[in-house]
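S.K.: Curious how this folds, go ahead:
(one chain, ligands or ions: 2)
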Amino acid sequence: MSNNDLAIVILAAGKGTRLKSSLAKVLHRAGGRTLVEQIVRSCESLKARQTVVVVGHQADQVAAAVEPLGALTVLQHPQNGTGHALQVAKRALGRAKFAVVLPGDAPLVRPETLRSLIAAHHNGNAAATILSAVLADPAGYGRILRKSETLVSAIVEESQLTDEQREINEINSAIYCFTLEKLWPALTRVKPNNKHRELYLTDAIAALNAKGDTVLAQVAADSREVLGCNTRADLAEVDRVFRERKRQALMDDGVTIQLPETVLIDPEVTAGEDTIIEPGVQLLGRTKIGARCTIRTGSVLTDAILGDDVTVEPHCVVARSRLDDRVIIGPFARLRPDNHVKAGARIGNFVELKKSTIGEGTKAMHLSYLGDAKIGTKSNIGAGTITCNYDGFHKYPTSIGNKVFIGSDTALVAPVRVGNGAYIAAGSTITANVPSDGLGIARGRQVNKPGWAARKRRELAAAEKPMKTSKKSKRRKVTKKRK
Ligand code: UD1
Ligand code: MG
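M.R.: Ligands and ions are numbered 1, 2, ... in the order given. Below is the predicted model:
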């Protein structure tokens, strides 16, 4: 079978009533992507002539999820069952001779499993080949009725099982390979004989069998691959499996993950050799981590790009930012989007960055807000430094040069520039540019008054004396005061 003979059909028009959600089932996420996107991606390597996604419920959103991946969508309205969904897709399949059909809610299937299904279909010269699985608890799935060791006679839906059939633990995954010239006539013979008055694709199996066509079922080597997401618990389980696969892939590439089951990693994340990921970390979006980094417990990185030997101390939150080699941040640092922290720089505890560039070797160790700031190399930003970048209407930049020393508790009222090598005295509110190698000091001058405190205490004590009578009268006075 050449790839040009093959089409993929993904059935994704249903609502997913059992999830109790306003969101269409296939738009729920597992393993960091929508279910339907996961399925389109697992079919990619089959290189079929066409991937057709049948959409219906929240059609626009589903189409928006799959069309960027090159899939074609067809609208099924109303949604009259899985058999009807396939009829709706017929025209879009063009000249394909075979179709792999998948439900939109069983995203764990692996490409190699699909390839082996297609091979079995081909080798057996079958009209239909079902991917089945043997489950300890088959409840909720359609069951495979075999008429011999190799041949299938029908699929019986859960709602239509006899007591005897209920014992069958080989289930229908709803993933099939069909020979289309056999399928179309069989589908026309299917009747909506069920309580939902729907056309079931599963009934096409009995229709094919009745005509003497060959129907095979290939048992999935790993039954977890066919898990469908009909409930929130199913979704959680599918997510868990995807996450486990991703962690395993990173560990295979030389990444250490401690207590792996507590670590959540999105599918596109990469990490280099000897990087260590501590418990409770989340690596999300397109995060890329270099070699020998340490991401310590409780940190959440989204779309972060880290060089080599970077340390993210516990409980940091990083969004869309670059940290170059040997940077250390945290604990408790927050990097909002669009920062570039250059090599060897150090961002300490309770420091927030936004749209800022921190030069090589620069340190901002404690309790600061640096927004819309450009800071040169080897500068020191004292504790409690704030860039006042917003006047209630607009944002303004702060520019700080190389080897600058900003004293603690400095407010830099932007737009403002501090030249190379300048000093800012602690506690200053800087509203004008500070020249290179100069000192900026902007605070009230200190006045010391010798003996003032002692005098004050004496005065207060003298004023208190007449009131120092009995405890009783003192209490009376207090209650009076309260009134
Ligand atoms: C289906 C199978 C069942 C199998 C199970 C495996 C049928 C009748 N039953 O049951 O044998 O064990 O999957 O998970 O096929 N859809 C449409 N249009 C429709 C109806 C459904 O596109 O008119 C789509 C849904 O969006 C979903 C898929 O088809 O992605 C399967 O539908 P679902 O309702 O989940 O079927 P199950 O009850 O799980
Ligand atoms: Mg289902």
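S.K.: Tell me how many other residues surround whichever residue of the chain sits closest to ligand 2.
M.R.: Residue nearest to ligand 2 within the chain: Gly228 (4.0 Å; CB to the ion). Using the backbone N, CA and C atoms, a C-beta is placed for each residue, glycine as well. Other residues within reach of Gly228, judged by other CB atoms under 10 Å, total 22.
S.K.: Name the nearest residue to it, ignoring sequence neighbours.
M.R.: The shortest distance from Gly228 to any non-neighbouring residue, by CB to CB, 6 or more residues apart in numbering, is to Ala106 (4.5 Å).
S.K.: cool, and Asn209?
M.R.: Leaving aside its chain neighbours, Asn209 sits nearest to Ser153 (4.9 Å; criterion: CB to CB, 6+ apart).
S.K.: So which elements touch the helix or strand containing that neighbour?
M.R.: Ser153 belongs to strand 152-156 when assigned by DSSP states H and E. Contact here means 3 or more CB pairs under 8 Å, 6 or more residues apart in numbering; DSSP states H and E; on that basis strand 152-156 packs against strand 128-134, strand 143-146, helix 203-210, strand 215-219.
S.K.: go again using 6 Å as the cut-off
M.R.: Judged by 3 or more CB pairs under 6 Å, 6 or more residues apart in numbering; DSSP states H and E, strand 152-156 is in contact with strand 143-146, helix 203-210.
S.K.: Can you give the strand pairings for it, parallel or anti for each?
M.R.: Strand pairing for strand 152-156, using DSSP bridges, gives strand 143-146 (antiparallel).
S.K.: any idea of the mean pLDDT in the strand it pairs with?
M.R.: Averaged over strand 143-146, pLDDT sits at 98.
S.K.: Stretch 372-386 too?
M.R.: Averaged across stretch 372-386, pLDDT comes to 98.
S.K.: With stretch 195-209 instead?
M.R.: Mean predicted lDDT for stretch 195-209 stands at 96.
S.K.: For it, give me every contacting residue.
M.R.: 80-84, 86, 127-128, 142, 153-155, 186-187, 189-190, 192, 215 (CB atoms under 6 Å, 6 or more residues apart in numbering).
S.K.: Put the buried members of those into a ChimeraX selection.
M.R.: Command for ChimeraX, covering only those of these found buried under the criterion 16 or more other CB atoms under 10 Å:
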select :80,81,82,83,84,86,127,128,142,153,154,155,186,187,190,215
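S.K.: Give me the residue ranges of this structure where confidence is low.
M.R.: Within the chain, the ranges that satisfy pLDDT under 70 run 1-2, 466-483.
S.K.: need the residues of it near ligand 2, please.
M.R.: Within the chain, the positions near ligand 2 by CB under 5 Å from the ion are Asp105, Gly228, Asn230.
S.K.: nearest to Asp309, of those?
M.R.: Asp105 (42.9 Å; CB to CB).
S.K.: OK, contacts around the closest one?
M.R.: Per CB under 6 Å, 6+ apart, neighbours of Asp105: Lys25, Leu35, Gly228, Cys229.
S.K.: Which residue is the nearest non-sequential neighbour of it?
M.R.: Spatially, and ignoring its direct neighbours in sequence, Asp105 is nearest to Cys229 (4.5 Å; CB to CB, 6+ apart).
S.K.: ok, the one you found touching Leu235?
M.R.: Yes - if you go by CB atoms under 6 Å, Cys229 and Leu235 touch, sitting 4.9 Å apart.
S.K.: Which one's more surrounded, these two?
M.R.: Cys229 (26 against 21).
S.K.: Does the more buried one belong to a helix, a strand or coil?
M.R.: Per DSSP: H, G, I helix; E, B strand; the rest coil, the local secondary structure of Cys229 is coil.
S.K.: go on, Leu235?
M.R.: Recorded secondary structure, Leu235: helix (three-state DSSP).
S.K.: Relative to Gln38, how far out is it?
M.R.: Using CB to CB, to the nearest Å, Leu235 is found at 12 Å from Gln38.
S.K.: tell me, how many neighbours does Asp309 end up with?
M.R.: Asp309: 20 surrounding residues under other CB under 10 Å.
S.K.: Pretty sure it sits in a helix.
M.R.: No - counting by three-state DSSP, Asp309 is not part of a helix but coil.
S.K.: Test my guess that it contacts Ala291.
M.R.: No - counting by CB under 6 Å, Asp309 does not reach Ala291; the two are 7.6 Å apart.
S.K.: In three-state terms, label Thr387 for me.
M.R.: strand.
S.K.: Could you do the one 5 residues further on as well?
M.R.: When classified by three-state DSSP, Gly392 comes out as coil.
S.K.: Verify the stated contact: Thr410 with Gly427.
M.R.: No - taking contacts as CB under 6 Å, Thr410 lies outside contact range of Gly427: 7.1 Å.
S.K.: These two: which is more packed in?
M.R.: Neighbours per residue, other CB under 10 Å: of Thr410 and Gly427, the larger number sits with Thr410, 25 against 16.
S.K.: show me what contacts that one?
M.R.: Thr410 makes contact with Thr385, Ile424, Ser428, according to CB under 6 Å, 6+ apart.
S.K.: Out of those, which end up buried?
M.R.: Buried members of these, counted by 16+ other CB under 10 Å: Thr385, Ile424, Ser428.
S.K.: Kindly reformat those residues as TSV containing distance to Ile347.
M.R.: TSV is the format used below for the buried ones among the contacts of Thr410 (distance: CB to CB, whole Å):
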residue	distance to Ile347
Thr385	12
Ile424	19
Ser428	22
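S.K.: what about whichever residue of the chain sits closest to ligand 1, distance to Ser173?
M.R.: With CB to the nearest ligand atom, the shortest gap between the chain and ligand 1 falls at Gly142, namely 2.4 Å. Using CB to CB, one gets 9 Å for the distance from Gly142 to Ser173.
S.K.: can you tell me which helix or strand Glu112 belongs to?
M.R.: Counting by DSSP H and E, Glu112 is found in helix 111-123.
S.K.: If we go by neighbour counts, what in that helix is buried?
M.R.: Thr113, Leu114, Leu117, Ile118, Ala120, His121.
S.K.: Could you do stretch 177-189 as well?
M.R.: Buried residues in stretch 177-189, defined by neighbour count with 16+ other CB under 10 Å: Cys177, Phe178, Thr179, Leu180, Lys182, Leu183, Ala186, Leu187.
S.K.: Restricted to helices, list the residues you listed.
M.R.: Of the buried residues of stretch 177-189, the ones assigned to helices by DSSP state H are Leu180, Lys182, Leu183, Ala186, Leu187.
S.K.: That concludes my questions; thank you for your assistance.
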